[in-house]
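**Q** Prediction below, plus the sequence it came from.
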Amino acid sequence: MHDRVSSISLFFCRMASVCFKRVRRRKSVKNETLFGEQDGLEMNDEGVGSWTAEKYRQFQLYAHQFTQGMKGKWKSLAYLDLYAGSGQSRIPDTNEILLGSPLIALSLDVQFDHYVFCEKNQKRLEALQKRVAKRFPRAKVKYIYGDCDDPSFQIGDAIPKNALTLCFVDPYSIGIHFSTIFSLSQCRKIDFLCLLASRMDAGRNPHNYPKEECKKVDILLGSETWREDWEKSKEGLVREPNLGDFICREFSRKMEGLGYLPTELHEMRPIKDDGGRVLYHLALFSKSEKAKHFWEQASKYSNPQRDLF
Ligand SMILES: C[S@@+](CC[C@H](N)C(=O)[O-])C[C@H]1O[C@@H](n2cnc3c(N)ncnc32)[C@H](O)[C@@H]1O
């Protein structure tokens, strides 16, 4: 009798342990780089370096927090990649192949319900479509071939109205159009994770960008008045401030104007090259404190030595 009781309790203990491990496995994300493979298709290689793995890690950790934390709280979750690329990036120096943002988003433990990928380079978009079809044949994906800033596309219409959307905005340079962000932010719940090419683009052109004829920053900020504020920001300082950092702050101020919570420069995640120089900042814009908490968690754990749980 005693033996029977102990073997039954042993059985239940084992079952509980298996279930617990399963739950833990589902809740955890390995803080690891996701590698792709050579498949003969087009790769992203422009602007790719060892630091790209850090960008992807930060993106993956945040997206993981987002889907884990929000699944079931909204009718559906959507992921929009405005600058989707081909789905794989090759680091020229090492030939390492990394999964790009669309495939990372599709690889999460807890999936989004809808995916929208926009890309203006036809070869890259075709490569992305093939990779997705091979790896994720059942995913609900819409592809938009063209310029994400072309208003005639109405990209927002590709996302269900009642979905909570995470939009990744990842251009090569400070090429974001504020008008695109503005129109996407209207009439839907959407958070933006933006790559602000602060130091690699704006920071390296402190004398060209403020010129009247150069409109790049005007388009990014959706305003022409920033030049006066830039001049004012230099007053009383011995050393000229960094234009890239100024632009990050201004962009954040513009997002506040759309109702997004303030995001200070120190809350943005700097991505550095091998020499420790900041190249760009990743910045999250959300109207929810919860999302900001997820972002803090992701930044904390994006250190390669640490797992998320
Ligand atoms: C830095 S890559 C981003 C790749 C992708 N987010 C990733 O991390 O794997 C930028 C991509 O955006 C595309 N692109 C540039 N400007 C664009 C635009 N206005 N609309 C859509 N795609 C654009 C480029 O062709 C390139 O593939």
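**A** Alright, I've got the coordinates.
**Q** Can you check what pLDDT the model gives whichever residue of the stretch 201-309 of the chain sits closest to the ligand?
**A** Nearest residue of the stretch 201-309 of the chain to the ligand: residue 280, at 10.3 Å (Cβ to the nearest ligand atom). Heads up, the C-betas are built off the backbone N, CA and C, glycines and all. Per-residue pLDDT puts residue 280 at 94.
**Q** One more: the one 10 residues further on?
**A** On the pLDDT scale, residue 290 is placed at 97.
**Q** Check residue 148 too.
**A** The confidence metric pLDDT takes the value 98 at residue 148.
**Q** Show me which residues of this protein are close to the ligand?
**A** Residues of the chain lying close to the ligand (Cβ under 6 Å from any ligand atom) are 44, 47, 81, 83-85, 89, 100-101, 118-121, 124, 147-149, 170-172.
**Q** picking that back up, wait, what's in contact with the residue of the stretch 201-309 of the chain closest to the ligand?
**A** Residues near residue 280 by Cβ atoms under 8 Å, 6 or more residues apart in numbering: 195, 196, 197, 198, 199, 200, 201, 270, 271.
**Q** With respect to pLDDT, which of those residues ranks lowest?
**A** Scoring those by pLDDT puts residue 201 last, at 83.
**Q** mind listing what that residue touches?
**A** 173, 174, 244, 280.
**Q** Could you verify that the first one is part of a helix?
**A** Translated: residue 173. No - going by DSSP: H, G, I helix; E, B strand; the rest coil, the assignment for residue 173 is coil, not a helix.
**Q** Quick check: which ranges of the chain have low pLDDT?
**A** Within the chain, the ranges that satisfy pLDDT under 70 run 1-33, 303-309.
**Q** Which stretches in it count as helices?
**A** For the chain, applying DSSP state H gives helices covering 2-27, 51-70, 101-106, 122-135, 178-185, 216-221, 226-234, 243-257, 289-300.
**Q** Mean neighbour count, those: which tops it?
**A** Most buried of the helices of the chain, by mean neighbour count (mean count of other Cβ atoms under 10 Å): helix 101-106, with a mean of 24.
**Q** Give me the contacts around it.
**A** With contacts defined as Cβ under 8 Å, 6+ apart, helix 101-106 is touched by 34, 36, 56, 59-60, 63, 79, 81, 84-85, 87-88, 112, 115, 117, 128, 131-132, 135-136, 139, 141, 168, 170.
**Q** before we move on, back to that, just list whatever residues bridge to the residue of the stretch 201-309 of the chain closest to the ligand.
**A** Assessed by DSSP bridges, residue 280 has beta-bridge partners residue 271.
**Q** same question, the one 5 residues further on
**A** Here residue 285 sits in beta bridges with residue 192, going by DSSP bridges.
**Q** Going forward, the N-terminal residue is numbered 29.
**A** Happy to do that; since the first residue is 29 now, the last one works out to residue 313.
**Q** And it, how close does it get to residue 129?
**A** 17 Å (Cβ to Cβ, to the nearest Å).
**Q** Residue 73 too?
**A** 15 Å.
**Q** got it, and residue 309?
**A** Per Cβ to Cβ, residue 309 is found 16 Å from residue 129.
**Q** Same question for residue 308.
**A** Distance of residue 308 to residue 129, given as Cβ to Cβ: 14 Å.
**Q** cool, and residue 226?
**A** 19 Å.
**Q** same thing with residue 74?
**A** Distance of residue 74 to residue 129, given as Cβ to Cβ: 15 Å.
**Q** so what's residue 179 up against?
**A** Per Cβ under 8 Å, 6+ apart, neighbours of residue 179: 207, 211.
**Q** swap that for residue 62, sorry
**A** For residue 62, the contact set (Cβ under 8 Å, 6+ apart) comprises 84, 88, 126, 127, 131, 132, 135.
**Q** Can you pick out the most distant pair from those?
**A** 126 and 135 (11.9 Å; Cβ to Cβ).
**Q** These two: which has the busier surroundings?
**A** Shown here are residue 126 and residue 135; by other Cβ atoms under 10 Å, residue 126 has more neighbours (22 against 16).
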